[in-house]
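Colleague: my questions concern the predicted model and sequence given below.
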Amino acid sequence: MLPSYADQNGKVHGPPKSRIKSKLFGYLRLIISDTKTRNLFFFLLLNTSFAFVELVYGIWTNSLGLISDSFHMFFDCTALVAGLIASLIAKWRPNERYTYGYVRAEVMSGFLNGLFLVFIAFFIFSEAIERTFEPPEIHHERLFVVSVLGFFVNLIGIFVFQHGGDHGHSHGGSSHGHSHDHHGHSHDHHGHSHGGDSSSKIFEGIFLHILADTMGSVGVIISSLLIRFFGWHIADPICSMIIAFLITLSVIPLLRDSGGILMQRQPKQLDKKLPDVYRRIQQIPGVVSVQSPHFWSLSSDKYCGGIKIEVSFNCDPRYVQQTVRSMLLQIGIQEVYIQVDFPSGVSL
């Protein structure tokens, strides 16, 4: 047994293997303690096991449809792993370097996984075109059983992530606000800690992947029946093209939304709400103009931003700040920086 040792600060550490084992068990306990991550973990084990079964049977039966579906399942497994890791990282607390915390881990994992899926879809599609001109001999009697089993595995995933992976938000945490008045302008920075679920993008993406997998399994079942009863071996590469198309189709929303967040796009959920808020702000007594509005998604369920309000000299800046903050919180912006300025050339 390896001895423990103390570092330069006097903190006692156990053997390296013991510390790694302790961390792994700690992460496992954290995964099991939450319903969503627990469901994700067990479905990952089921999906990975069956992906190996599909791959072996696909090689045995010489079915590109089954092989391509197994690769899709493997990439779904990477989505599940990335989602699991991102769910854990997103719970890490903010620090002096990552002042917003690590909630964008879910966006990064979704975007990167989407790119990988587009790549594999292109690979499957190009291989299917080649096989269209030279359809291979396929053992359909072995293909059908595995395809049906794959379909039921995906049905389990759909049930788990549609009924057990709802995107409820709990508004916990604390809120604070402060304002200070200087010569010519006043600021208000309101931070609202949002204790809700920051993993909605993860589970939305996983559900889309599994749904595409299910449709792909249906395609493989249909192709195996066509080969068995009609001898249409060309049905296998056509099925592969459909699977590739479904993969791409399922990934587009994930890439669009996660890419928009990474590019600091204004939250699309607020596209119709913000213009109305600007109009209401300008109707506040004493407000001259609304300037420099900037709003973005920190993660898929948390919005931040800043706005500058120019007011007349006889206006109460604190009243304007509180009113504007209330309007923005009503449409879901949890953290906002409000700057209230007097017209240029006017001083207190």
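Modeller: Good, I have the coordinates.
Colleague: who are the packing partners of the strand or helix carrying Lys36?
Modeller: Following DSSP states H and E, one finds Lys36 within helix 35-61. Using 3 or more Cβ pairs under 8 Å, 6 or more residues apart in numbering; DSSP states H and E, the elements in contact with helix 35-61 are helix 16-33, helix 64-89, helix 140-163, helix 200-230. For the C-beta atoms, the positions are set from N, CA and C on the backbone; glycine is no exception.
Colleague: among those helices, which comes closest to Ser258?
Modeller: helix 200-230 (6.4 Å; Cβ to Cβ).
Colleague: okay, the angle between the closest one and helix 35-61?
Modeller: Calculated by axes from the mean of the first three to the mean of the last three Cα atoms, to 10 degrees, helix 200-230 forms an angle of 30 degrees with helix 35-61.
Colleague: re earlier: give the rounded mean pLDDT of the helix holding Lys36.
Modeller: In this model, helix 35-61 carries a mean pLDDT of 81.
Colleague: can I get the helices and strands packed on helix 35-61 in TSV including mean neighbour count and distance to Gly259?
Modeller: Converted to TSV, these look like this (neighbours: other Cβ atoms under 10 Å; distance: least, Cβ to Cβ, whole Å):
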stretch	mean neighbour count	distance to Gly259
helix 16-33	11	28
helix 64-89	23	16
helix 140-163	18	22
helix 200-230	22	12
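Colleague: now distance to Ile309 too, for those helices, in a markdown table please.
Modeller: Output for the helices and strands packed on helix 35-61, formatted as a markdown table (distance: least, Cβ to Cβ, whole Å):
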| stretch | distance to Ile309 |
| --- | --- |
| helix 16-33 | 43 |
| helix 64-89 | 36 |
| helix 140-163 | 43 |
| helix 200-230 | 32 |
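Colleague: what about those helices, which gets the closest to Ala105?
Modeller: Among these, helix 64-89 comes nearest to Ala105, with 4.0 Å by Cβ to Cβ.
Colleague: what packs against that closest one?
Modeller: Looks like helix 64-89 contacts helix 16-33, helix 35-61, helix 105-133, helix 140-163, helix 200-230, helix 235-262 (3+ Cβ pairs under 8 Å, 6+ apart).
Colleague: would you turn those helices into a markdown table with distance to Asp341?
Modeller: Output for these, formatted as a markdown table (distance: least, Cβ to Cβ, whole Å):
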| stretch | distance to Asp341 |
| --- | --- |
| helix 16-33 | 46 |
| helix 35-61 | 45 |
| helix 105-133 | 33 |
| helix 140-163 | 48 |
| helix 200-230 | 36 |
| helix 235-262 | 30 |
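Colleague: to Ser299, which of those lies closest?
Modeller: Across those, closest to Ser299 is helix 105-133 (Cβ to Cβ), at 6.0 Å.
Colleague: what is the mean pLDDT for that closest one?
Modeller: 81.
Colleague: so which bits of that helix are buried?
Modeller: Across helix 105-133, burial judged by 16 or more other Cβ atoms under 10 Å covers 105-111, 113-114, 117-118, 120-121, 124-125, 127-128, 131.
Colleague: about what we covered before: mind checking which of the helices and strands packed on helix 35-61 is nearest Pro237?
Modeller: helix 64-89 (6.1 Å).
Colleague: pLDDT on that closest one, on average?
Modeller: Helix 64-89 comes out at a mean pLDDT of 75.
Colleague: quick check: domain ranges of the protein?
Modeller: The record's domain split for the chain, according to automatic domain parsing, is 15-171+197-263, 269-341.
Colleague: start and end of the last one, how far apart?
Modeller: Pointing back at domain 269-341 there. With Cα to Cα, to the nearest Å as the measure, the first residue of domain 269-341 is 29 Å from its last.
Colleague: centre of the chain to that domain, how far?
Modeller: Mean-position distance between domain 269-341 and its chain equals 28 Å (Cα atoms, centre = their mean, to the nearest Å).
Colleague: same deal with the longest one?
Modeller: Centroid separation for domain 15-171+197-263 versus its chain: 13 Å, with Cα atoms, centre = their mean.
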